[in-house]
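Asker: sequence and predicted structure below; questions after.
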Amino acid sequence: MSEQGLNRRRLLTSAVAAAGGLSLGLSLGPSAAHATPPDANRTRRAGATWENLIEKSSFSSLSAFNQEWNYLYPWEGDADTHNGAARMHAGQVSLSQGVLTLTATRLAAPDGTSPHAPNAPLWYRSGAVHAKEQILVNDQFPEYDIEGEFRTQTGRGIWPAFWTTGTWPAWPPETDILEYVGDSTNLFNTWSKDANGGEVVERERVEVANPDAWHKYRVWMYKDGDDVMLDYYFAGVWKATHRGVGWAGIPQRLIINLQMGSYASGEPGDADWAQQPGPTGNTYFRARNVWVGRTRAW
């Protein structure tokens, strides 16, 4: 969900790109170093204590939700907007029978323009939440397990995500555990920087036959020197291992949001950009059994 002045849609849809110091590495399959899938039930580090940060019951009631989650985005200022065409409102977030539902509603006219690049006109009201507890992979907390079950509508103009990002404005790191950008391909993304400060992404594309059915999305993070390794799983099946270069010791925030428009609708300069083409009426993104745990080394 990065907005670092890049043409994100082009990054999402091209196999290679390089411009102005940008280095883009796309993971089209497991690297030679990770050609064998890891054990889906990894053995936790010897001597480490396991602790749960977010329980699967956090969507069971409003009081449980308020203990674990905040509304909107986690950054200071303009926390109701990001790089899409939706302004976030707490009223677009609802709970029922252990399910969190984010609802995006098409407006009759845009509600201003997003202050975040690419400055899309805000044709939608939608919802976003972020975890109160930060993700911090370091020597004290060397492993994290993050997972949840999700179902989402997809198609042009729809941009849901379950992701982490460096505490604002630090970016990267970023891991996209669930991200659909205008179609039914889930993107497992890992954003880092190279030695020259250029932005690098490893990417694994997973074609999903029916994203609007319940599927489990998961990432296992574990410290490897100054880096963080990330094992991605879809529906219990390992899909890729990425390396978050230089991530160790950088706090991250966990976010669930339903963005709309922007790069899910097209690109700035398109003839219909001002209209932000996408679904009319309501669009839904649902989550349940979201869980975060970690090991504590001392």
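Answerer: Sure thing, it's come through.
Asker: quick check: which ranges of this protein have low pLDDT?
Answerer: 1-48 (pLDDT under 70).
Asker: now with 50, please.
Answerer: Scanning the chain with the threshold set as pLDDT under 50 gives 2-35.
Asker: now for it: which strand has the highest residue count?
Answerer: For the chain, the strand that runs over the most residues, judged by DSSP state E, is strand 282-296.
Asker: quick one: distance of that strand to the chain centre.
Answerer: Computed by Cα atoms, centre = their mean, to the nearest Å, the chain-centroid distance of strand 282-296 equals 11 Å.
Asker: strand partners of it, parallel vs antiparallel please.
Answerer: Taking DSSP bridges as the criterion, strand 282-296 sits next to strand 49-54 (antiparallel), strand 99-106 (antiparallel), strand 143-152 (antiparallel) in its sheet.
Asker: buried ones in that strand, by neighbour count?
Answerer: 283-295 (16 or more other Cβ atoms under 10 Å). Just so you know, the C-beta spots here come from the backbone N, C-alpha and C atoms, and that holds for glycine as well.
Asker: of all the residues you listed, which comes closest to Thr175?
Answerer: Val292 (12.7 Å; Cβ to Cβ).
Asker: quick one: residues contacting the closest one.
Answerer: By Cβ atoms under 8 Å, 6 or more residues apart in numbering, Val292 lies in contact with Asn52, Leu53, Ile54, Ala131, Glu133, Ile135, Tyr144, Asp145, Ile146, Leu254.
Asker: my read is that the third one contacts Ile135, right?
Answerer: Spelled out, that is Ile54. No. Counting by Cβ atoms under 8 Å, Ile54 stays clear of Ile135, with 10.4 Å between them.
Asker: tell me, what's touching these two both at once?
Answerer: Leu254, Val292.
Asker: okay, those two: which has more neighbours?
Answerer: Between Ile54 and Ile135, counting by other Cβ atoms under 10 Å, Ile135 is the more crowded of the two (25 against 19).
Asker: list the contacts for the residue lying closest to that one once chain neighbours are set aside?
Answerer: Among residues not flanking Ile135 along the chain, Gln252 sits closest, at 4.1 Å (Cβ to Cβ, 6 or more residues apart in numbering). Contact analysis of Gln252 by Cβ under 8 Å, 6+ apart lists Gln134, Ile135, Leu136, Thr164, Thr165, Gly166, Thr167, Pro173, Thr175.
Asker: of these, closest to Pro110?
Answerer: Comparing these against Pro110 with Cβ to Cβ places Thr165 closest, at 25.5 Å.
Asker: quick check, that closest one in contact with Pro173.
Answerer: Yes. Thr165 lies in contact with Pro173 (Cβ under 8 Å); the separation is 7.2 Å.
Asker: name the nearest residue to Gln259, sequence neighbours excluded.
Answerer: Gly84 (3.3 Å).
Asker: helix/strand/coil for the one you found?
Answerer: What DSSP: H, G, I helix; E, B strand; the rest coil gives for Gly84 is coil.
Asker: distance of it from Gly98?
Answerer: 27 Å (Cβ to Cβ, to the nearest Å).
Asker: who has more neighbours out of the two?
Answerer: Ranked by neighbour count (other Cβ under 10 Å), Gly84 and Gly98 place Gly84 first, with 33 against 15.
Asker: give me the phi and psi for that one.
Answerer: phi -110, psi -170 (degrees, to the nearest 10).
Asker: Arg156 belongs to a strand?
Answerer: No. Checked against three-state DSSP, Arg156 lies outside a strand; its state is coil.
Asker: confirm for me that it is in contact with Gly278.
Answerer: Yes. Contact criterion Cβ under 8 Å: Arg156 and Gly278 qualify, at 6.0 Å.
Asker: on that earlier part again, now, among the contacts of Val292, which is nearest to Val181?
Answerer: Ranked by distance to Val181 (Cβ to Cβ), the contacts of Val292 are led by Leu254 at 19.4 Å.
Asker: isn't the closest one up against Thr164?
Answerer: Yes. Shown here, Leu254 and Thr164 form a contact pair, counting by Cβ under 8 Å, at 5.2 Å.
Asker: can you report how many residues neighbour Ala64?
Answerer: Neighbour tally, Ala64, other Cβ under 10 Å: 15.
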